[in-house]
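Requesting a structural model of the entry that follows:
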Amino acid sequence: MTGPRVVLAGVHGHGQWHLRNLRRLQLERRARLVGVCDLVPAPAESLDGFGAVVQSPSLTEVLTRTGPDIVVIATPIHTHADLALTAAAAGVHLLLEKPPAPTLEAYGRILNGVEAAGVRCQVGFQSLGSAAVARAAELIQDGELGPVHAISAAGAWQRDSTYYARARWAGRRKLDGVDVVDGALTNPFAHALATVFRVDGSETDDLGGEVELELWHAYDIDSDDTACLRLVTGRGTTVTVAVTLCAARSSAPYLVIHGERGRAVLWYTLYRLEIETSTGSRTSSGNRRVDLLENLTAHLRSPGVPLLVPLTSTWAFMQVVEAIRRAPAPSPIPSRFQQVSPVPIAGITAQRRIITGIEDLVTASADRLALFSELGAPWAGPQRAHLRCAGRVVADYVIRPDLALMLSPRPYLHPVRTLSGVTVTEAVPRDHPWHLGVSVALQHVQAQGAAAVNFWGGRTYRPGQGYTWLEDHGRVEAGDGPDPGPGRTPDQVRPDRVEQELHWLVPGSGPLLGEHRTMRAVAVRWPDRDAEPPFAWALEMRFDLKNLTAGPLSLGSPGSRGRAGAGYGGFFWRAARSAGEPRVATPQAQGEDAVHGHPAEWIIFGGTTAETGTENETETETETETGTGTETGTGTGRSWSLLLAGQDDATRADPWFVRTKDYPGVGSALAFERAIVLYPGAVLTRSVLVVVLDGVLPTDQAPAVLTAARLSAARLSAPAGSR
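Have a look, this model is predicted:
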């Protein structure tokens, strides 16, 4: 028995691995190499011992002359589709290297061609032949780890410049106008993503929402060599993958399965599975890996033997490839965050680039399900978190904004979006640039015997002087909180929840206030309609302010200092500009004049997206905080509504601060007319629920929507066994 006749398309690069594997199989009389297709002929010595082997740059010619059973395609990514279709049309089965195609369109053509020809196609994700991967999937199915909410992957390898000089297509998004999409996520670490989908059991499913991507490069390439992503699978599992080819040293990539009662770490290249539960730890190692060509051969001989990686099983993976293809081009990592050194290789001097601290970032991503920007990577821009709901990002949370001190820098949410993607916040607007989406801010915080500090931004109100520019601005920064336990952090536990410890700081001095902030995104469904998609989402936001000084603190506003009607401070939502005056209503009243300054069980604030002005419009500075903003917008768009309510008695007692005429904004005012005195060690707590809806919310439906939001939040908070 000599096994199937095999043609190898692509004998250089990774094709060399296939050539060695074919030599092994031929010696074992389980396969026979009969042809090689490559634009550059294989050296004669590399084919010694194979017998008569036909070589040609034309796959059609090789197929015609050899009549093979199987073609192994190990050519550049952008050539896969045409070669696969050529082989399928000739009735030849396929082992197609990963990624199977650079685009969903090309992938679809291969699927259709393979199905029409009635041939088999196996995709070269070698990791999926490991028994350790199968055991990891069984862990989830058996429930040993409890409900699994997330799977993360991490990979840190070291490559030098010769890796990208080996071929014209290496490290390219396009070549001669043709999609290649050769990046760290789609090629060298494609196994990590494919393994995640296999372990989750969602490899053939549609993704549960958009793919969050952060793509970077240190080398002089136009694709990514360092990247991370987050997505939700078709089964509702949160997935993160963080990888780099710019590590100080290479280490084995791994997956982390995050369960309620334990976790498991799968080292997929080492075939090792480490399981940790409350009952102890154990390691399963030495798991063999089934060779994919052998598996394809066995399947052709006995159809009852399933293919390990049929082409259809890469559907979820290909959706990610398409998202990367469509994403903005990767950003360069500034040289100051790199270590560059020469590397002598085979008579030439190559270059090695190491991103400072990247290994720790990759590890932290897998532990915390966070993106590089959320982890504070200094080259990734302002540190951000992302709130997700119903499989999509509904809000960006800027943790460490890069803002001038006059704006009182503080963490804020922006953009906040409806489920259909309508943005309902604005940040750093030209009329009041210190308005920062959704934030917590106070204009007047004063310790006993000290000058007051402005944590709101902009001009400070002084009785008898009005609004005046002063050098009195403070800032709110993320601080160190209590240890939340192994593998959990206070600033990001899950993608639908952010929890933080913050310090309200005076420049050059210590903090006045400590704040514990919790935010959560809740999918809102009607009671008893859990099977239906949510009709809205709700932001739950709670903040606890603690006096960290040795004396009393006064928390005030311009309103508490004599400026009538200007009692803003606390929770504040700067809304998106609307085409026309925004709508505002409570159970008792409608319109800014009737609603402003009064407590109410709930408040509706709604508008319609407006066309914005051009970037070169002249900025108009407003006279006072109430302002005379000029950007009202003239276009029409999609309507949106906010339904705000206090979640505790103290918050429900606070008046609502509302602006619709001068600018769109709404807040729950802490000190509308009187300052609050907070004594040393005392804590002030406020909790707000905001339902974010597409369309116009009728006033008479507000109570039912609020009830549905609170019930949805309660179900989400309930223990798993009681849901």
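
all helices of this structure, in order?
15-27, 59-66, 80-89, 104-117, 131-142, 161-165, 190-200, 292-301, 315-326, 358-368, 592-595, 649-653, 702-717 (DSSP state H).

Packing partners of the lowest-mean-pLDDT helix or strand in the chain?
Sorting the helices and strands of the chain by mean pLDDT, DSSP states H and E puts strand 383-389 at the bottom, at a mean of 83. Contact here means 3 or more Cβ pairs under 8 Å, 6 or more residues apart in numbering; DSSP states H and E; on that basis strand 383-389 packs against strand 226-232, strand 392-400, strand 497-505, strand 511-524. For every residue, glycine as well, the C-beta is placed using N, CA and C.

Output these as a markdown table; include the columns mean neighbour count.
Compiled in a markdown table, the helices and strands packed on strand 383-389 are given as follows (neighbours: other Cβ atoms under 10 Å):
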| stretch | mean neighbour count |
| --- | --- |
| strand 226-232 | 26 |
| strand 392-400 | 21 |
| strand 497-505 | 20 |
| strand 511-524 | 21 |
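
Columns distance to A87 and mean pLDDT on top of those, output as a markdown table?
As requested, these are exported to a markdown table (distance: least, Cβ to Cβ, whole Å; pLDDT from 0 to 100):
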| stretch | distance to A87 | mean pLDDT |
| --- | --- | --- |
| strand 226-232 | 32 | 94 |
| strand 392-400 | 39 | 89 |
| strand 497-505 | 49 | 91 |
| strand 511-524 | 46 | 95 |
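
Dump these to CSV, plus distance to C37.
Output for the helices and strands packed on strand 383-389, formatted as CSV (distance: least, Cβ to Cβ, whole Å):
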stretch, distance to C37
strand 226-232, 32
strand 392-400, 44
strand 497-505, 53
strand 511-524, 52
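
State the pLDDT value of V445.
V445 carries a pLDDT value of 97.

Which residues lie in contact with it in this structure?
452-453, 455, 474, 504, 512-513, 553-556 (Cβ atoms under 8 Å, 6 or more residues apart in numbering).

Looking at these, spot the one nearest P680.
Proximity of the contacts of V445 to P680, judged by Cβ to Cβ, is greatest for L553, which lies at 8.4 Å.

Which positions within stretch 173-184 qualify as buried?
173-175, 179-184 (16 or more other Cβ atoms under 10 Å).

One more: stretch 669-683?
Quick answer for stretch 669-683 (16+ other Cβ under 10 Å): 669-673, 675-676, 678.

export that stretch as CSV, just CAs?
This file holds the C-alpha atoms of stretch 669-683, laid out as CSV (Å, rounded to 0.1, in the frame of the first residue of the first chain):
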residue,chain,number,x,y,z
ALA,A,669,-27.8,67.6,40.8
LEU,A,670,-26.0,66.9,44.1
ALA,A,671,-26.0,70.5,45.4
PHE,A,672,-28.6,72.4,43.4
GLU,A,673,-29.2,75.1,46.0
ARG,A,674,-27.3,74.0,49.1
ALA,A,675,-23.8,72.6,49.5
ILE,A,676,-23.4,69.2,51.0
VAL,A,677,-20.9,68.9,54.0
LEU,A,678,-19.0,65.6,54.0
TYR,A,679,-17.2,64.8,57.2
PRO,A,680,-13.9,62.9,57.5
GLY,A,681,-14.3,59.3,56.4
ALA,A,682,-18.0,59.8,55.5
VAL,A,683,-19.3,58.4,52.2
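
S365 contacts C228, correct?
Yes. S365 lies in contact with C228 (Cβ atoms under 8 Å); the separation is 5.7 Å.

which ones are touching the residue lying closest to F535 once chain neighbours are set aside?
Counting by Cβ to Cβ, 6 or more residues apart in numbering, F535 lies nearest to V524, which is 6.4 Å off, once chain neighbours are set aside. Listed by Cβ under 8 Å, 6+ apart, the contact set of V524 reads 534-538, 691, 705, 708-709, 712.

any idea how far L207 is from V524?
Computed as Cβ to Cβ, to the nearest Å, the V524 to L207 distance reads 22 Å.

ok, now T363?
Distance from T363 to L207, by Cβ to Cβ: 25 Å.

Between those two, tell me which one has more neighbours.
Neighbours of T363 and L207, each counted by other Cβ atoms under 10 Å, are more numerous for L207; the result is 19 against 16.

Excluding sequence neighbours, find me the nearest residue to the more buried one.
Once flanking residues are discounted, L207 sits nearest to Q319: 5.2 Å by Cβ to Cβ, 6+ apart.

is it true that the one you found touches D205?
No. Counting by Cβ under 8 Å, Q319 stays clear of D205, with 9.3 Å between them.

what about those two, which has more around it?
Taking other Cβ under 10 Å, Q319 and D205 do not tie; Q319 has more neighbours (18 against 15).

what about A116, how many neighbours?
11.

Just give the number of residues close to the nearest residue to it once chain neighbours are set aside.
Excluding its sequence neighbours, the residue lying closest to A116 (Cβ to Cβ, 6+ apart) is A88, at 7.6 Å. Counted with other Cβ under 10 Å, residues neighbouring A88 total 23.

What are the neighbouring residues in contact with A88?
With Cβ under 8 Å, 6+ apart, A88 has these contacts: 94, 110, 113-114, 116-117, 119, 121.

Thanks a lot, catch you later.
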